[in-house]
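# what follows is a predicted structure for the sequence shown.
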Amino acid sequence: MGTYRYTRNIEASIIDALTANFTADWSNINVEKTFARVYEISLPTICVRVGTTRHDPVEIGDNNTWRHAQLLIDVFASSDGQKLDLTDYIIKKIKNGFVYYDYVITNGVVDTKTANGRIRVNSMDVTPVNFNDDRNNLDVHDRDRNLITCDITLGKVEA
């Protein structure tokens, strides 16, 4: 039995939340953690990962920090319209943040998850992914992409 640490808990919490929302409101949307796996499955696919993480000191002379993580959500769509619709949908869903869960893993499978705070979204940017090449020369997964970049915090001090 093992437990995820902060970064993996953040990724898993967001993947769970987006998966639940897509299941309720859309059909056939894949939500993944592994970027390379995106190219092995059908579109549309959403890839969630944590990028750069900054730790700001809470007090001078103390080792406690506030975590500021970069959340990256890649939208891989099958058309330009779908890319825009999925991006707007995700933005709407993430504005209010997410429940942060602590995950316990047994034999590679989630055994339990316990709510332990909230992931707060401080800012969001949407960037179209453009490879400056003819669309027909690109892999189908790269033709209609957006990258949503968010600054997030857990709102709690880490020892």
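Perfect, I can see it now.
# show me what the helix or strand containing A115 is packed against.
Following DSSP states H and E, one finds A115 within strand 109-128. Applying 3 or more CB pairs under 8 Å, 6 or more residues apart in numbering; DSSP states H and E, one finds that strand 109-128 contacts helix 6-25, helix 80-94, strand 98-106, strand 145-158. (C-beta placed from N, C-alpha, C; glycine too.)
# pairing partners for the third one, with directions?
Put plainly, it is strand 98-106. Paired strands of strand 98-106, with direction, are strand 2-3 (antiparallel), strand 109-128 (antiparallel) (DSSP bridges).
# would you mind putting the ones you listed into JSON lines with mean pLDDT and distance to T53 alongside?
Formatted as JSON lines, the strands paired with strand 98-106 follow (pLDDT from 0 to 100; distance: least, CB to CB, whole Å):
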{"stretch": "strand 2-3", "mean pLDDT": "91", "distance to T53": "18"}
{"stretch": "strand 109-128", "mean pLDDT": "96", "distance to T53": "13"}
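# most tightly packed of these?
Comparing the strands paired with strand 98-106 by mean neighbour count (mean count of other CB atoms under 10 Å), strand 109-128 ranks first with a mean of 13.
# now do that strand against helix 6-25, angle only.
80 degrees (axes from the mean of the first three to the mean of the last three CA atoms, to 10 degrees).
# which outside residues touch strand 109-128?
1, 10, 12-14, 16, 68, 71, 87, 91, 94-105, 145-156 (CB atoms under 8 Å, 6 or more residues apart in numbering).
# how far does it sit from the chain's center?
7 Å (CA atoms, centre = their mean, to the nearest Å).
# could you give the angle of that strand to strand 145-158?
Angle of strand 109-128 versus strand 145-158, following the same axes, to 10 degrees, is 120 degrees.
# so what's C47 bridging to?
Counting by DSSP bridges, C47 forms beta bridges with E32, D74.
# next, the contact list for the spatially most central residue of the chain, please.
In the chain, the centroid-proximal residue (CA atoms, centre = their mean) is V48; its distance is 3.1 Å. V48 makes contact with E11, I14, I15, L18, V31, E32, K33, L71, L72, I73, according to CB under 8 Å, 6+ apart.
# over to I73?
Applying CB under 8 Å, 6+ apart to I73 gives the contacts I14, L18, I46, C47, V48, I90, I94, L147, I148, T149, C150.
# just D56 next, same as before
T65, W66, H68.
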